[in-house]
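**Q** sequence first, predicted coordinates after that:
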Amino acid sequence: MALDVSNPSAGIGSNSESLITPILPRLSNQRTLKSSIGCSGIGLHSGVRVAMKLHPAPANSGIIFKRVDLVGGGSEIPARWDRIADSRMCTVLATESGISVATVEHLLAAFYGMGIDNALIELNGPEVPAMDGSAAPFVFLMECAGIREQKETRRAMRILQPVVYRNGTKEVGLSPSDSSLTVDFEIRFAAAAVGRQSCQFNIARDIFKSEISKSRTFGFLSDVTALREAGLARGGSLENAIVVDGDRILNEGGLRHSDEFVRHKALDAVGDLFLTGHRIIGHFHGICSSHADTANLLRMVFADDANWELIDAPIEEESPGEDWIQPLQEAAIG
């Protein structure tokens, strides 16, 4: 049979429009951990040794921190932008009564990068353990615990119009994008070992794990005394941070990436952005910005409903090695 290409409906029939089924995007389900898993380590700023345990959580619960060292069984702190209590050198979340947990950004970045929507984090101290100063140890924990799908559809936050926060020469912004979250960052430091660096990444699981998660936090030797006098960096060491002295990297073994500094800033941004409570369809840019700048950006975004909307999230591209995620039909639903 030959079709008349000059007449698209030829050979199809007069009711051809009724036979055309629109191709709809497959929707993504929420995910949580398959089992509980724990670790312990020193808090980067508090210097206190803390034990932490990650637990599966029901769908639609989000990421929740729980202080179990406090009288009465502790207090739960949702990982949300409106719980930010301090963002000078790290992101601190707190309840209305002042119970807090600090340095949540690396762990939150790992949850986002690994595609985990719901989890309960128990801590017996005031700060998430620093581990090696990156998100890689947390990624390892999540892979060991396993990840399973839940029956509820994931909701994504789609950015509808550009929102920019400027603080002198610093700038952060979110703008619309056709794909899932992309992050680009630029930093400029006088220290020759850092200098000017930039990066851009699509925050997919495999890219996050291989290109971002291993990048460590960093600081400058000249700032150590002042930070400790301010009650910060008391647990910092060459084991959990890159230490820079002018043109020198003091850590044995040097850097994990030639641009590890800016990659860590991208990691921080991913963690702070997860305080929206959702995966983001949009583009983030940061120029020499800090946790505080990102916190202010989130306040601006949520100040106007015209900036964003929640939609059923289309399924994200999976890497070939994702068979360690337990599919819905094999999982008990939590």
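**A** Happy to help now that I have it.
**Q** which residues are in contact with residue 133?
**A** 44, 106, 216, 217, 218, 240, 241, 242 (Cβ atoms under 8 Å, 6 or more residues apart in numbering). Using the backbone N, CA and C atoms, a C-beta is placed for each residue, glycine as well.
**Q** from residue 241, how far off is the closest residue in space to the fourth one that isn't next to it in sequence?
**A** With sequence-adjacent residues excluded and distances taken as Cβ to Cβ, 6 or more residues apart in numbering, residue 217 is closest to residue 133, at 4.4 Å. Separation of residue 133 from residue 241 (Cβ to Cβ, to the nearest Å): 5 Å.
**Q** now for these two: what residues contact both?
**A** Common neighbours of residue 133 and residue 241 (Cβ under 8 Å, 6+ apart) are 44, 216, 217, 218.
**Q** give me the neighbour count for the second one.
**A** Translated: residue 216. 25 (other Cβ atoms under 10 Å).
**Q** so it, which state does it fall into?
**A** coil (DSSP: H, G, I helix; E, B strand; the rest coil).
**Q** which of the helices or strands spans the nearest residue to it once chain neighbours are set aside?
**A** Among residues not flanking residue 216 along the chain, residue 133 sits closest, at 3.8 Å (Cβ to Cβ, 6+ apart). Using DSSP states H and E, residue 133 falls within no helix or strand.
**Q** pop out the phi and psi values for residue 133.
**A** According to degrees, to the nearest 10, the main-chain angles of residue 133 amount to phi 90, psi 0.
**Q** model confidence for residue 15, exactly?
**A** On pLDDT, residue 15 comes in at 43.
**Q** per-residue pLDDT of the closest residue to residue 112 other than its chain neighbours, please?
**A** Leaving aside its chain neighbours, residue 112 sits nearest to residue 274 (4.4 Å; criterion: Cβ to Cβ, 6+ apart). Note on residue 274: pLDDT of 98.
**Q** hmm, back to that, how close does the residue nearest to residue 217 get to residue 157?
**A** 28 Å.
**Q** ok, residue 272 next?
**A** 14 Å.
**Q** who's more crowded, those two?
**A** Ranked by neighbour count (other Cβ under 10 Å), residue 272 and residue 157 place residue 272 first, with 29 against 23.
**Q** which element is residue 60 on?
**A** Under DSSP H and E, no helix or strand contains residue 60.
**Q** now swap in the one 4 residues further on and tell me
**A** For residue 64, the enclosing helix or strand under DSSP H and E is strand 63-67.
**Q** alpha carbons only: can I get the following helix or strand past that strand in CSV?
**A** For strand 63-67, the following helix or strand on the C-terminal side (DSSP H and E) is strand 75-78. Written as CSV, here are the backbone C-alpha positions of strand 75-78 (Å, rounded to 0.1, in the frame of the first residue of the first chain):
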residue,chain,number,x,y,z
SER,A,75,12.5,16.9,68.8
GLU,A,76,11.9,16.6,65.1
ILE,A,77,13.1,19.3,62.7
PRO,A,78,11.8,19.2,59.1
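**Q** and strand 75-78, what's buried?
**A** Using 16 or more other Cβ atoms under 10 Å as the test for burial, strand 75-78 gives 75, 77, 78.
**Q** isn't the second one right up against residue 92?
**A** No - Residue 77 is beyond contact range of residue 92, at 9.9 Å (criterion: Cβ atoms under 8 Å).
**Q** shared neighbours, those two?
**A** Between them, residue 77 and residue 92 share the contacting residues 100, 101, judged by Cβ under 8 Å, 6+ apart.
**Q** where does pLDDT dip in the chain?
**A** 1-25, 72-74, 317-334 (pLDDT under 70).
**Q** just the strands in the stretch 101-250 of the chain please.
**A** Assigned by DSSP state E, counting those that start in this stretch, the strands in the stretch 101-250 of the chain fall at 119-123, 147-153, 155-159, 163-167, 170-175, 182-188, 196-202, 218-220, 242-245, 248-249.
**Q** dump these to TSV, plus distance to residue 265.
**A** Putting the strands of the stretch 101-250 of the chain into TSV (distance: least, Cβ to Cβ, whole Å) gives the following:
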stretch	distance to residue 265
strand 119-123	23
strand 147-153	26
strand 155-159	20
strand 163-167	15
strand 170-175	11
strand 182-188	5
strand 196-202	8
strand 218-220	9
strand 242-245	12
strand 248-249	17
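**Q** which of those sits closest to residue 212?
**A** Nearest of the strands of the stretch 101-250 of the chain to residue 212, taken as Cβ to Cβ: strand 196-202 at 6.2 Å.
**Q** which parts of the closest one are buried?
**A** Neighbour-count burial for strand 196-202 flags 197, 199, 201 (criterion: 16+ other Cβ under 10 Å).
**Q** for stretch 141-154, same thing?
**A** 141, 142, 145, 146, 147, 148, 149, 150, 154.
**Q** which member of these is positioned nearest residue 288?
**A** residue 142 (30.8 Å).
**Q** surely that closest one touches residue 107?
**A** No - using Cβ under 8 Å, residue 142 makes no contact with residue 107, being 9.8 Å away.
**Q** re earlier: residue contacts, the residue nearest to residue 112?
**A** Going by Cβ under 8 Å, 6+ apart, residue 274 touches 63, 79, 108, 109, 111, 112.
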